[in-house]
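A.B. asks: what would the 3D arrangement of this be:
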Amino acid sequence: MDCQNHWLITTSFTIVFIGKMLDMTPPITIYDSPFSVKETIDRIENILRERGVTVFARIDHCLGARQAGLDMQDEELLIFGNPEIGTNLMLENPAIGIELPLKVLAWSDESCTKVAHHKLEGFTNEFGIRQHEAVISKMAASLIAIVAAAISKPLTTK
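C.D. replies: Sure, this is the predicted structure:
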């Protein structure tokens, strides 16, 4: 293959690849929270525990940065799940374990606190999950409901 054909093939591949990247929607959902990072994660953690969901870890990225002598905005990651549900999904396709347990990230933005989680709906196609497709749909709806409840201010009563 001469250099000109090689360049044409490489350039064509690069254009197609970049085009596909630009068409991709982010695989995460991001919300605004009226609460601080700590309070947002506290609220999500409380709802999860009330629902009997296992909280595996809470990671304070800002604390880790300070321990390394660096500064960063407040940022916390909550890792949680249901081992029975997760195990059944991993039995269908072990590769889904890269996404499990589930995670919620909150960070301080210039204007407010942001909260994000993966869009679980794509897991069905991404990992070829067919036997437990309804389970993933329920997980997605539940995750959205949990975050929505956590970032909603309670109604005041008189």
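A.B. asks: Three-state assignment for residue 56, please.
C.D. replies: When classified by DSSP: H, G, I helix; E, B strand; the rest coil, residue 56 comes out as strand.
A.B. asks: okay, now it: neighbour count?
C.D. replies: Neighbour count for residue 56, taken as other C-beta atoms under 10 Å: 13. The way it works is simple: take the backbone N, C-alpha and C, and place the C-beta from them, glycine included.
A.B. asks: can you give me the helices for this protein?
C.D. replies: Secondary structure of the chain, counting by DSSP state H: helices at 3-23, 37-50, 61-67, 83-92, 123-126, 133-151.
A.B. asks: what lies in contact with stretch 73-88?
C.D. replies: Residues outside stretch 73-88 that contact it (C-beta atoms under 8 Å, 6 or more residues apart in numbering) are 36-38, 41, 44-45, 48, 53-62, 97, 100-109, 113, 132, 135, 139.
A.B. asks: stretch 93-111 too?
C.D. replies: Stretch 93-111 is contacted by residues 33, 36-37, 40-41, 44, 54, 56, 61, 73-81, 86, 89-90, 113-118, 120, 123, 127-129, 139, 143, 147 when judged by C-beta under 8 Å, 6+ apart.
A.B. asks: give me that answer again for 7 Å
C.D. replies: 33, 37, 40-41, 44, 56, 73-81, 86, 89-90, 113-118, 123, 127-129, 143, 147 (C-beta atoms under 7 Å, 6 or more residues apart in numbering).
A.B. asks: how far does it sit from its chain's centre?
C.D. replies: Mean C-alpha position of stretch 93-111 versus that of the full chain (C-alpha atoms, centre = their mean, to the nearest Å) differs by 3 Å.
A.B. asks: likewise for stretch 77-88?
C.D. replies: Centre to centre, stretch against its chain (C-alpha atoms, centre = their mean), the figure for stretch 77-88 is 13 Å.
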